[in-house]
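Provide a 3D model corresponding to the input given below.
(one chain, ligands or ions: 2)
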Amino acid sequence: MILDTVNSPQDLKTLTQSELLELVGELRSEIIRVCAQNGGHLASSLGAVELIVALHRVFDSPRDRILFDVGHQAYAHKILTGRKEVFHTIRQEGGISGFTKVSESEHDAITVGHASTSLANALGMAIARDTLGQDYHVVAVIGDGAFTGGMALAAMNVIGGQKRKLLTILNDNEMSISENVGALNRYFKEYQTRKWVQDTQKWGKQVLEGISPKLFNLVDRAKEAAKLMLHQENPFYAWGIRYVGPVDGHDLPGLIHILEQIKELDGPTLLHIVTQKGKGYGVAEEDPIYWHGPPGFNPDKPEKVSKGYSWSAAFGDAITELASSDPKIFVITPAMREGSGLVRYSQTHPERYLDTGIAEDVAATVAAGMGLRGLKPVLAIYSTFMQRAYDQIIHDIAIEKVPVVFAVDRAGIVGGDGATHNGVFDIAYLRTVPNLQIAAPKDAYELRAMLKKALELQAPIALRYPRDSVEKVPEGTWPSIEWGRWEILKEGRKAYILSFGKTLKYALEAALDNPEVGVINARFLKPLDQEMLAQLAQGGYKLVTVEDHQRMGGFGSAVLESLSGLGLQAEVRVLGLQDVFYDHGSIARMHAEAGIDAASIRAALAELGLPAQMAL
Ligand SMILES: CC(=O)c1sc(CCOP(=O)(O)OP(=O)(O)O)c(C)[n+]1Cc1cnc(C)nc1N
Ligand SMILES: [Mg+2]
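Ligands and ions are numbered 1, 2, ... in the order given. From the prediction side, this is the model:
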């Protein structure tokens with residue numbers, strides 16, 4: 001195998017063209033093999049193989065810095081940069097990350113997982129290089145989905161203004177996780193599919209190739225000048241960025257050739273490559289949505305597996321039903337239709353559905369505009385990605401109490417995607433915002449009750465639920481709920497465990513068969529159920545709070561602040577995630593390590609003088 005001879009990118013420099021093409025096939029096989037056992041970002045990584053081989057052939061990592069936006073398409077990069085022996089551990093407990101990660105390799109220029117950051121980061125590196133009088137290339141690879149993010153578009157403006165030498169490679173496969181959206185996406189689709197553009201490109205390349213790179217440069221410059229004079233509609237001209245492309249992102253010799261041609265050009269250049277998501281693996285080419293991030297599969301007989309009935313599906317079913325009887329409901333997703341359980345909703349209510357692309361900030365403020373003008377916007381958004389909309393939540397929604405309902409998915413530790421994707425800060429960053437209410441349903445019944453009530457209350461309200469399976473609720477089931485009231489699930493003689501969200505299962509397990517200890521579903525964090533809290537404190541009960549969120553600033557902090565505000569004392573243990581980042585791995589193990597699982601709750605109770613009762 002050629003791959004056996006490749007232990008670093010340097011080893012690519014001596015391979016022949018046919019060896020490089022063979023290597024591409026071997027990389028694809030390895031990516032499929034490992035994703036079959038581990039799951040992972042299969043389609044994205046398959047689509048970027050030729051690009052990554054060409055980049056490591058033409059540039060000199062780690063001296064040259066190659067940045068991957070989101071970092072989920074970089075499996076071939078990991079294999080080629082000294083991690084082929086450990087690639088089979090990707091996304092696993094103790095294994096390598098599923099994204100690029102600075103601490104993992106000198107070849108990983110940035111630690112990522114959230115989209116649209118690579119261009120700003122690359123510009124920062126180019127400025128550092130120039131300021132320090134150093135000399136190396138900075139190359140940012142960004143997908144068309146990530147390119148819809150405001151950070152990317154704003155960075156292009158600054159890159160063009162700075163005019164520093166920096167190569168951006170737009171990997172355009174017309175897909176985000178779902179089909180890509182927006183005007184740029186439409187422009188590229190039209191531009192690429194204009195037959196005459198493709199034919200001219202092909203003819204021009206053949207003619208020039210036969211002559212000399214010098215002429216290529218000359219013609220390239222002439223083309224630039226012509227486009228500038230013609231005020232070419234191409235948006236990159238407005239940004240002051242040289243645009244090259246579109247070129248075939250699977251034509252390895254062509255990619256190597258064009259990269260060699262443009263690598264020394266001064267100023268900022270954007271190379272637009274067209275690729276196919278899932279390239280080289282039939283099922284992934286046919287359905288890049290499912291195969292964007294599949295769980296494990298049989299590589300020889302790949303079949304889709306149902307991931308079970310999730311909280312996301314429960315939300316999607318509930319909002320679809322509600323929208324059928326309320327024409328003011330409008331659902332927005334920032335590029336997470338599948339992940340947020342909205343496929344069915346988008347099909348049944350396409351006229352009241354918006355995918356903003358990877359633009360959480362835009363999504364939040366679009367929701368504000370909708371709410372200000374009489375709609376009932378529901379923003380379906382992952383906890384971790386909602387971090388991108390913090391100012392918009394305050395500035396455009398909370399101050400004026402604009403009625404936006406946030407369906408906050410993936411709250412808590414998420415597992416394989418690791419630290420960049422854990423939804424463990426939202427309570428802390430939301431609960432300090434005045435006018436914003438926060439609740440966490442214990443099951444799909446409560447989710448329905450809360451969602452319906454939140455839409456009736458017409459206020460900014462965040463409903464937080466985890467990445468987990470949940471019992472399906474029959475259609476037409478709409479339980480009622482006493483807003484702001486906690487629920488005693490088990491009486492206790494001396495102590496109560498107060499759980500917010502997913503940790504309720506641990507609380508019930510910890511209190512099992514122990515008449516001293518009760519369990520409360522503390523499902524409302526803002527407003528907190530002060531009345532019940534006061535009764536508990538005045539009753540002298542010892543309290544353990546538990547949540548799948550950073551301990552600092554979470555639900556437990558809110559309880560302590562409330563007791564202080566009420567002027568009441570109580571012996572309290574606050575259990576939550578420690579002040580660290582939790583990497584990819586087993587959720588259960590991380591919960592245990594963080595001290596929020598049943599055993600940890602029992603240990604806290606023992607500390608409070610309530611040892612676990614031996615089962616009678
Ligand atoms: C991994 C992850 O969380 C991905 S990958 C992806 C699609 C990226 O499309 P792109 O065209 O850039 O790449 P492609 O897959 O090769 O087509 C999204 C939306 N997400 C979720 C997401 C949402 N929002 C933000 C801020 N970051 C991320 N990563
Ligand atoms: Mg894409």
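
Now the biggest helix by length in the chain: buried residues?
Taking DSSP state H as the criterion, the chain has its longest helix at helix 17-38. Residues of helix 17-38 classed as buried: 20, 23-24, 26-28, 30-32, 34-36, 38 (neighbour count, 16 or more other Cβ atoms under 10 Å). C-beta coordinates here come from the backbone N, C-alpha and C atoms, glycine included.

by contact count, what packs against the helix or strand following that helix?
Next along the chain after helix 17-38, taking DSSP states H and E as the criterion, comes helix 42-47. Helices and strands touching helix 42-47, by 3 or more Cβ pairs under 8 Å, 6 or more residues apart in numbering; DSSP states H and E, are helix 17-38, helix 282-286.

for helix 42-47, what is the average pLDDT?
The average pLDDT within helix 42-47 is 98.

can you list the residues that contact the helix or strand just after it?
Under the assignment DSSP H and E, the closest C-terminal helix or strand after helix 42-47 is helix 49-58. Identification of contacts with helix 49-58 by Cβ atoms under 8 Å, 6 or more residues apart in numbering yields 9, 12-13, 15, 20, 23-24, 27-28, 31, 61, 66, 74, 76-77, 80-81, 139, 141, 169, 171, 249-252, 255-256, 259-260, 263, 273, 275, 279-280.

what's the angle from helix 49-58 to helix 17-38?
Using axes from the mean of the first three to the mean of the last three Cα atoms, to 10 degrees, one finds that helix 49-58 and helix 17-38 are set 130 degrees apart in direction.

Is helix 49-58 positioned near ligand 2?
No - counting by Cβ under 5 Å from the ion, ligand 2 has no neighbours in helix 49-58; the shortest distance is 12.2 Å.

Ligand 1 contacts on the chain?
41, 44, 47, 70, 72-73, 113-115, 143-146, 173, 175-177, 277, 335, 358, 360, 385, 388 (Cβ under 6 Å from any ligand atom).

now, which of those residues lie within helices?
Counting by DSSP H, the part of the residues of the chain next to ligand 1 found in helices is 44, 47, 360, 385.

Quick check: the second one vs Gly418, distance?
Counting by Cβ to Cβ, to the nearest Å, the gap between Gly47 and Gly418 amounts to 22 Å.

Please say which of these two ends up with more neighbours.
Gly47 (26 against 20; other Cβ atoms under 10 Å).

surely the more buried one meets Lys279?
Yes - at 4.9 Å, Gly47 counts as touching Lys279 under the criterion of Cβ atoms under 8 Å.

Among the contacts of helix 49-58, name the ones in strands.
Those of those mapping onto strands are 66, 139, 141, 169, 171, 273, per DSSP state E.

Contacts only, for the nearest residue to the fifth one once chain neighbours are set aside.
Closest residue to Asn171 in three dimensions, ignoring its sequence neighbours and counting by Cβ to Cβ, 6 or more residues apart in numbering: Gly143, at 5.0 Å. Residues near Gly143 by Cβ under 8 Å, 6+ apart: 44, 69-70, 73, 115, 170-173, 176.

can you give me the helices in the stretch 151-300 of the chain?
Using DSSP state H, counting those that start in this stretch, the helices found in the stretch 151-300 of the chain span residues 183-193, 195-211, 213-229, 235-238, 252-262, 282-286.

rewinding a little: out of the ones in helices among the residues of the chain next to ligand 1, who has the most neighbours?
Glu360 (31 neighbours).

isn't that one right up against Phe385?
Yes - counting by Cβ under 8 Å, Phe385 is a contact partner of Glu360 at 5.1 Å.

Common neighbours of the two, please.
Common contact partners of Glu360 and Phe385 (Cβ under 8 Å, 6+ apart): Pro334.

For the longest strand along the chain, list the C-alpha coordinates in CSV.
Taking DSSP E as the criterion, the chain has its longest strand at strand 542-550. Written as CSV, here are the backbone C-alpha positions of strand 542-550 (Å, rounded to 0.1, in the frame of the first residue of the first chain):
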residue,chain,number,x,y,z
LYS,A,542,-30.8,18.9,53.3
LEU,A,543,-30.6,19.6,49.6
VAL,A,544,-28.5,18.2,46.7
THR,A,545,-28.9,20.0,43.3
VAL,A,546,-27.8,18.2,40.2
GLU,A,547,-27.6,19.2,36.5
ASP,A,548,-25.8,18.3,33.2
HIS,A,549,-24.3,21.7,32.9
GLN,A,550,-21.2,23.5,34.3
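
Next one: Arg65 from ligand 2, what distance?
22 Å (Cβ to the ion, to the nearest Å).

And that residue, what's its pLDDT?
Among the per-residue scores, Arg65 shows a pLDDT of 98.

what's the neighbour count on it?
Per other Cβ under 10 Å, the neighbour tally for Arg65 reads 22.

Same question for Lys490.
Neighbours of Lys490 (other Cβ under 10 Å): 17.

Test my guess that it contacts Glu509.
No - the pair Lys490 and Glu509 does not pass the contact test of Cβ under 8 Å, sitting 11.3 Å apart.

list residues touching both of these two?
Common neighbours of Lys490 and Glu509 (Cβ under 8 Å, 6+ apart) do not exist.

And the spatially closest residue to Thr89 that is not a sequence neighbour, its phi and psi?
Computed as Cβ to Cβ, 6+ apart, the closest residue to Thr89 that is not its neighbour in sequence is Gly95, at 2.8 Å. Taking degrees, to the nearest 10, you get phi -90, psi -170 for the backbone angles of Gly95.

Distance-wise, check Gly95 relative to ligand 2.
25 Å.

ok, now which ones touch that residue?
Taking Cβ under 8 Å, 6+ apart, we find Gly95 in contact with 86, 88-89, 584.

Going by neighbour count, which of those are buried?
Buried subset of the contacts of Gly95 (neighbour count, 16+ other Cβ under 10 Å): His584.

Ligand 1: which of the contacts of Gly95 is nearest?
Ligand 1 has its nearest neighbour among those in His584, at 12.2 Å by Cβ to the nearest ligand atom.

Nearest the geometric middle of this protein, what residue?
His114 (5.2 Å; Cα atoms, centre = their mean).

coming back round to it: need the residues that contact the longest helix of the chain.
Helix 17-38 is contacted by residues 1-3, 6, 12, 15, 40-42, 45-46, 49-50, 52-53, 57, 75-76, 79-80, 84, 87-88, 90-92, 252-253, 256, 279-281, 294, 296-299, 302, 416 when judged by Cβ under 8 Å, 6+ apart.

related to what we said a few turns ago, distance to Gln530 and pLDDT added to the buried residues of helix 17-38, as a markdown table?
As requested, the buried residues of helix 17-38 are exported to a markdown table (distance: Cβ to Cβ, whole Å; pLDDT from 0 to 100):
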| residue | distance to Gln530 | pLDDT |
| --- | --- | --- |
| Leu20 | 67 | 98 |
| Leu23 | 65 | 98 |
| Val24 | 63 | 98 |
| Glu26 | 63 | 98 |
| Leu27 | 59 | 98 |
| Arg28 | 59 | 98 |
| Glu30 | 57 | 98 |
| Ile31 | 54 | 98 |
| Ile32 | 56 | 98 |
| Val34 | 52 | 98 |
| Cys35 | 50 | 98 |
| Ala36 | 52 | 98 |
| Asn38 | 47 | 96 |
